[in-house]
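J.: no FASTA, just this:
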Ligand code: LCS
């Protein structure tokens, strides 16, 4: 079953990686002697694994492929999830992590183990930006932030010590895109590791490895789990990189996913392709509705013709996703009035949930980014971000309509 090729994403999401590692019996007659294996991958909610002999234990420590030792080093529930992630993102291997930031920091630390310079997209999820802008410089790792919507700007910022090109597409919250194939090509030409955060698009919306990217990251807190129940992340890439991350930064900095969260994520992924389709359908209708509303100054959604990179979105993405950002004519006051009046859409950070979530980036997700940087990168005070859920389209539109009704046009 492992890494078997399926024709479609739904079959992959359901079946890929689901070969349950069969653990040995403890030698006593018991349940493990009976036939029948669980259809649903169980949670191996244990921190450590026992061995019959010192030789077996030593072998497992030397050659991890031969056994499980300790859950920070690997666990069957994590492993099933990792096998599935690798197939979905067309990578050789994957690691599940404790959070999206755990994936970002582990991947960057792996690529920058000997120091070096990073060229990054200038608008990133705020914690990723802060990691590169504040924490890494203290460790001697510098980042040049560029408007990566123009790949030439990436190329111009490359230095002899550049080790990583770090991207997000679409970006949080401005929904800018990068030409993934063009950026990957630049990275390859200069022998630099390309890393992309694929949280907003998911493996259903785009598969960056097929476009030449080396390492794909996810906050699985979002669409992949889809249930709003976990904080989790993922790194997908070549076997060599993943093994280096697993044996180095993941193990030693310790951003390891718990078996329970791995299991909850495994419950979510099989419905991802279905959810993705419905998120996209809902978002297209709602973005169109918002764009025509007199209280709305502008709407950013990759599936609207008005998006400056609409042609790139059509070429690069399979569905335009569930995230919409807009600016109200009434500015910050109107934004507050809107979120206070909404009844179906929940005022909450995070995204990719089955429920429609609305948030005000300047005061929430990007509040720790300075006002100056927010202004430079276009995160205005009147901006409102939606993560469109799976409710019926007409209910979401009716909720938005009643809330927008009283706002200045
Ligand atoms: N990457 C992206 C694109 C994100 O949007 C987030 C979190 C992360 C990584 C980090 O993932 P985590 O560690 O939280 O699993 N984005 C959030 C947001 O927009 N609102 O709350 C969290």
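T.: Yep, that arrived. Note that the structure is a prediction, hence the values are computed from the model and not measured.
J.: flag the shaky bits of the stretch 201-350 of the chain, pLDDT-wise.
T.: In the prediction, the stretch 201-350 of the chain carries no residues with pLDDT under 70.
J.: quick one: name the residues of it near the ligand.
T.: 219, 221, 231, 233, 349, 350 (Cβ under 6 Å from any ligand atom). No exception for glycine: its C-beta is placed from N, CA and C like everyone else's.
J.: now tabulate those in TSV and tack on secondary structure.
T.: As requested, those are exported to TSV (DSSP: H, G, I helix; E, B strand; the rest coil):
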residue	secondary structure
219	strand
221	coil
231	coil
233	strand
349	coil
350	coil
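J.: just the buried residues of the residues you listed.
T.: Neighbour-count burial (16 or more other Cβ atoms under 10 Å) is assigned, among those, to 219, 221, 231, 233, 350.
J.: tell me the one of these nearest residue 112?
T.: The shortest gap between residue 112 and any of these belongs to residue 233, at 17.7 Å (Cβ to Cβ).
J.: which residue does the stretch 151-300 of the chain have closest to the ligand?
T.: residue 219 (3.1 Å; Cβ to the nearest ligand atom).
J.: tell me the bridge partners for that residue.
T.: Judged by DSSP bridges, the bridge partners of residue 219 are residue 233.
J.: that one contacts residue 233, correct?
T.: Yes - if you go by Cβ atoms under 8 Å, residue 219 and residue 233 touch, sitting 5.6 Å apart.
J.: identify the contacts common to the two.
T.: Residues touching both residue 219 and residue 233 by Cβ atoms under 8 Å, 6 or more residues apart in numbering: 99, 100, 101, 103.
J.: among these, which one has the most neighbours?
T.: When neighbours are taken as other Cβ atoms under 10 Å, the top entry among those is residue 103 (32 neighbours).
J.: list the contacts for the residue of the stretch 301-409 of the chain found nearest the ligand?
T.: Nearest to the ligand, among the residues of the stretch 301-409 of the chain, is residue 349, at 3.6 Å (Cβ to the nearest ligand atom). When contacts are counted by Cβ under 8 Å, 6+ apart, residue 349 touches 357, 359, 364, 365.
J.: again, 6 Å this time
T.: Shown in contact with residue 349 (Cβ atoms under 6 Å, 6 or more residues apart in numbering): 359, 364, 365.
J.: which of these sits closest to residue 56?
T.: Taking Cβ to Cβ as the measure, residue 56 lies nearest residue 365 of the contacts of residue 349, at 48.1 Å.
J.: need the contact list for the closest one.
T.: Counted by Cβ under 6 Å, 6+ apart, residue 365 has contacts 126, 349.
J.: let's see 10 Å
T.: Residue 365 makes contacts with 125, 126, 127, 172, 173, 349, 350, 351, 359, 379, 385, as judged by Cβ atoms under 10 Å, 6 or more residues apart in numbering.
J.: no further questions, thank you.
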